[in-house]
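# pasting the sequence and the predicted model now:
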Amino acid sequence: MKKTIPLFRSAAASEPMAAHLGQLCGDVLRSGVYILGPQVRMLEARLSGLLKGRETVAVGSGSEALLLAFKTLGIGSAGGGTAQDEVLLPSYTFIACAEAVIAVGARPVFVDSAVDDFLPSLEHFREARTPRTRAVLAVGLFGDPTGLPELAAYCRGEQLHLIEDVAQCLGARTGDATARLEPAGTWGDATAMSFYPTKTLGAAGDAGALAFRDPRHAQQARLLRNHGWSDGRHHCLGHNSRMDELQACLLNAALDDFPAAITRRQTIATRYLAAWSGCPMRLPRDAAGHAWNYFVVALPERRERDRFAARLAESGVATRIYYEQPLHRHEALRAWHGARALPHSEKLADCSLALPLYPMLDDEEVEYVIRAVRQAAVEIADPGLRADPCDLS
Ligand SMILES: *Cc1c(COP(=O)(O)O)cnc(C)c1O
């Protein structure tokens, strides 16, 4: 029977979870405390527990977390640095990364993806470094934390700030060959988290958080998120980036199931990787500790990617392109980059496709996605073929 598999489904949207969360939200509503209250404080403590005790500051969104991270570390003209400050960041990522660099009054320097990889290699960052470079923004794209230990060692040696964008890889772990795996979000000077509903830890609205190596930075970010205010006065000019109690309450509930949710993501990814190893598409790296926020494959060419997506849509399997453009090709960002080609990130934008992977997929749905993808892949490899090699019914 044909199924409809959306690209994402929230646990909060189904019973009995919806009723349970409704009850918790009712308690918050009755309490009359709606902003930066006990739920937010509890959330900050629990996030800190995920990040080896690093002090954590809840904010309004992941995008604001990035901006406040740069500002707190003194980068860019708005952070107390200069307008010449450069921040190295991948070109193949979400646009919020570049927006934050520009909003803080610094210059984004886009770095290409490595060959056959979504992430840049350390070599790419090294090549892009200039005497004006102040920081590296590492993005654990799609949940993959690979490279953080090497990048952290490089930044330490060069006296650059390392900011981790763990919007997609909260819950991932990584390490070098010898060491124990450590959580993504504990390698840099500052960490930006997003709790946008589709992330590994999702709210039912916008929310984000920051964590810092140095507690003094956390204290500064705590001032900045609420107009510089504490103890009855405004110590500096800040922002409104407060988290509300309803989102914090929902996130506290989601944290109860967080380890199980990450394990479920890993289980599904392992099944996908095994089932599709013979298909004519590039599969994501099977990194130990991967958080599998998104499962993104790369087809050989754009035409094949688009046919593949159309074929999956016919089977009822939703897909999405992450990302249609590398950052340096966006009209609004072109002026920051100039004409230099970053060929691997450009190729990825043409060829990559995200397939459904989230904890709420049940085993039957996983099986259905596996068969639909196999069938679509066979047809892409041999367009004359329209038979049914792995009967979907
Ligand atoms: C989602 C995301 C952000 C922005 O987070 P919001 O909470 O949506 O503002 C930043 N960086 C990356 C890599 C993301 O995936």
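Nice, thanks for sending it over. Numbering: from 1, shown residues only.
# Lys326 contacts Phe94, correct?
You called it Lys, but residue 326 is Pro. No - if you go by C-beta atoms under 8 Å, Pro326 and Phe94 don't touch, sitting 11.2 Å apart. Where you see a C-beta, it was placed from the backbone N, CA and C, and this is true even at glycine.
# these two - which one has more neighbours?
It is Pro326, of Pro326 and Phe94, that has more neighbours when counted by other C-beta atoms under 10 Å, with 24 against 21.
# would you mind measuring from that one to the ligand?
Pro326 sits 13 Å away from the ligand when distances are taken as C-beta to the nearest ligand atom, to the nearest Å.
# tell me how far that residue lies from Ser63.
19 Å (C-beta to C-beta, to the nearest Å).
# give me every residue that touches the nearest residue to His217 once chain neighbours are set aside.
Nearest residue to His217, sequence neighbours excluded (C-beta to C-beta, 6 or more residues apart in numbering): Thr72, at 5.0 Å. When contacts are counted by C-beta atoms under 8 Å, 6 or more residues apart in numbering, Thr72 touches Gly79, Ala190, Leu210, Phe212, His217, Gln220, Ala221, Leu224.
# could you do Trp336 as well?
Here Trp336 is in contact with Ala98, Ile102, Arg107, Pro108, Phe110, His328 (C-beta under 8 Å, 6+ apart).
# work out for me the element it sits within.
Element membership for Trp336 (DSSP states H and E) is helix 334-337.
# I'd assumed Thr200 was in contact with Ala261.
Yes - at 7.2 Å, Ala261 and Thr200 qualify as touching, with contact defined as C-beta under 8 Å.
# what ranges does the stretch 151-300 of the chain have for its strands?
For the stretch 151-300 of the chain, the strands defined by DSSP state E, counting those that start in this stretch occupy 161-165, 173-174, 182-183, 190-194, 208-212, 229-230, 233-234, 295-298.
# which one of those strands lies closest to Ala335?
Closest to Ala335 of these is strand 161-165 (C-beta to C-beta; 22.7 Å).
# need phi/psi at the residue nearest to the spatial centre of the chain.
For the chain, Gln168 is the residue whose C-alpha lies nearest the centre (C-alpha atoms, centre = their mean; 2.0 Å). Main-chain torsions, Gln168, degrees, to the nearest 10: phi -110, psi -10.
# what residues does it make contact with?
Neighbour list for Gln168: Val139, Gly140, Leu141, Phe142, Gly143, Ser194, Lys199, Thr200, Ala291, Asn293, Tyr294 [criterion: C-beta under 8 Å, 6+ apart].
# who's in contact with the closest residue to the fourth one other than its chain neighbours?
What that stands for is Phe142. Spatial nearest neighbour of Phe142, chain neighbours left out: Tyr294 (4.4 Å); criterion: C-beta to C-beta, 6+ apart. Tyr294 is in contact with Phe142, Gly143, Gln168, Tyr322, Ala354, Leu357, counting by C-beta under 8 Å, 6+ apart.
# CSV for those residues, including pLDDT?
Listed next are the contacts of Tyr294 as CSV, based on pLDDT from 0 to 100:
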residue, pLDDT
Phe142, 98
Gly143, 98
Gln168, 98
Tyr322, 95
Ala354, 98
Leu357, 98
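# restricted to strands, list those residues.
Ala354 (DSSP state E).
# so which of the contacts of Tyr294 are also by the ligand?
Gln168 (C-beta under 6 Å from any ligand atom).
# Serialize the contacts of Tyr294 to JSON lines and add fields for distance to Ser48.
Listed next are the contacts of Tyr294 as JSON lines, based on distance: C-beta to C-beta, whole Å:
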{"residue": "Phe142", "distance to Ser48": "25"}
{"residue": "Gly143", "distance to Ser48": "21"}
{"residue": "Gln168", "distance to Ser48": "20"}
{"residue": "Tyr322", "distance to Ser48": "29"}
{"residue": "Ala354", "distance to Ser48": "31"}
{"residue": "Leu357", "distance to Ser48": "28"}
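# circling back: can I get the helix holding Trp336 as PDB, trimmed to CA atoms?
Taking Å, rounded to 0.1, in the frame of the first residue of the first chain, the C-alpha atoms of helix 334-337 are listed here in PDB:
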ATOM      1  CA  ARG A 334      27.800  37.700  -3.400                       C
ATOM      2  CA  ALA A 335      29.400  41.100  -2.600                       C
ATOM      3  CA  TRP A 336      31.100  39.500   0.400                       C
ATOM      4  CA  HIS A 337      32.800  36.900  -1.700                       C
END
